[in-house]
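S.K.: Sharing a sequence plus its predicted fold:
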Amino acid sequence: MATMTITERHYDDHTWMMAVDTSTAYMTAALSKGGLWAGEMTSRAERNHSLYLVPALQSLLDEEGLRARELGGFAIGVGPGSYTGVRIGVTVAKTFAWTHGLALLGVSSLEAMALGGAYLSLQAAPLEEEETVVARGGKLDAMETVLKSARETGETTWIVPMIEARRGQAFTSVYKASPDGWRCVAEDGIRLTAPWIGEWTRLAEQDRPDRVLFAGETGLHEQAIASLGEAWGGRVDKTGHGIRARFVAELGRMRWKRGELEHVHALVPNYTQLAEAEAKLLAKRP
């Protein structure tokens, strides 16, 4: 019997898609269909993503009376972030895609965090601090809402998502929302926060965004962020919201519509650095 390849799964508004991200201490998963997300579960799993991820996916499917083979696609946050967390999420996504012949969509975890931070800051949404948050239903309209606001106000916002990487480092990047659209200004990577912010302060002086919004795990980088406000003099805001799977779903569906699918055997996580154990092993070698 011929096996269907991943690239044969064309986008369909009537097809269900699972979205997952495990790049941080939080595990988040959501089900979507067309322009709507039906349910989302986010919980603090720390280092236990491998124990809770598949049961969480099954719970979301059960809520909608679905079976895994009835899905059409799977969007996965590929990092950067926690080495083990990203690896677990990508492995589960590839297993689902291969087993059930799903379209596989790789999404930048930092871009999903940036989109969510920009959207939720416009909604003035309160920060959800519970260990487990279950949300029910809504539109996948974050990008539309963020860009509509930029056009109406004429403002340009730089969104800086941050995932803690220890030793003064963060997994981070810069995304730009302006009347001209959404684009990446600085690619995803791991950086020493203080000198890096100093470098793109000069870029901000040239581009002159109206606002810089830091999103995610900013707690250990408050001093560097404050120095940006002093050196640049522009508006600097923060939101503690992390990654939510509904935004992975939205970016995944955008990629699916454009036909930007991953091959199940070729998709690899964006680690941006060696795991600590590997780095130590290499350091001992002559």
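M.R.: The structure has been received and is ready for your questions.

S.K.: Any idea how far apart the tips of stretch 188-199 sit?
M.R.: Its first and final residues considered, stretch 188-199 spans 15 Å by C-alpha to C-alpha, to the nearest Å.

S.K.: what comes up buried for the helix or strand hosting E111?
M.R.: When elements are assigned from DSSP states H and E, E111 belongs to helix 109-123. Within helix 109-123, the residues that count as buried by 16 or more other C-beta atoms under 10 Å are 109-121. Yep, even glycine has a C-beta here, placed from its N, CA and C like the rest.

S.K.: now do stretch 178-196
M.R.: 178, 182, 185-186, 188, 190-191, 193, 196.

S.K.: Export only the CA atoms of stretch 126-136, formatted as CSV.
M.R.: Backbone C-alpha positions of stretch 126-136 (Å, rounded to 0.1, in the frame of the first residue of the first chain) are rendered in CSV as follows:
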residue,chain,number,x,y,z
PRO,A,126,-4.4,39.8,33.1
LEU,A,127,-1.4,37.5,33.5
GLU,A,128,-2.5,34.0,34.2
GLU,A,129,-0.4,32.6,37.1
GLU,A,130,-2.2,29.3,37.8
GLU,A,131,-0.2,26.1,37.3
THR,A,132,-2.7,24.9,34.8
VAL,A,133,-4.9,27.1,32.5
VAL,A,134,-7.6,25.7,30.3
ALA,A,135,-9.1,28.1,27.8
ARG,A,136,-12.1,27.5,25.6
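
S.K.: Show me which parts of it are buried, residue by residue.
M.R.: Neighbour counts over stretch 126-136 (16+ other C-beta under 10 Å) mark no residue as buried.

S.K.: pLDDT (mean, whole number) over it?
M.R.: Stretch 126-136 shows a mean pLDDT of 75.

S.K.: For the stretch 1-150 of the chain, which segments count as helices?
M.R.: Counting by DSSP state H, counting those that start in this stretch, the segments of the stretch 1-150 of the chain that form helices are 49-63, 83-100, 109-123, 142-153.

S.K.: can you give me how far the second one is from the chain middle?
M.R.: On the basis of C-alpha atoms, centre = their mean, to the nearest Å, helix 83-100 sits 15 Å off its chain's mean C-alpha point.

S.K.: how far away is P209 from K148?
M.R.: 18 Å (C-beta to C-beta, to the nearest Å).

S.K.: Low-confidence stretches in the stretch 1-150 of the chain?
M.R.: For the stretch 1-150 of the chain, the stretches with pLDDT under 70 are 1-8, 46-47, 129-131.

S.K.: can we see that at 50?
M.R.: 1-7 (pLDDT under 50).

S.K.: that older thread, which of the buried residues of stretch 178-196 fall within helices?
M.R.: The helices, defined by DSSP state H, take in 193, 196 from the buried residues of stretch 178-196.
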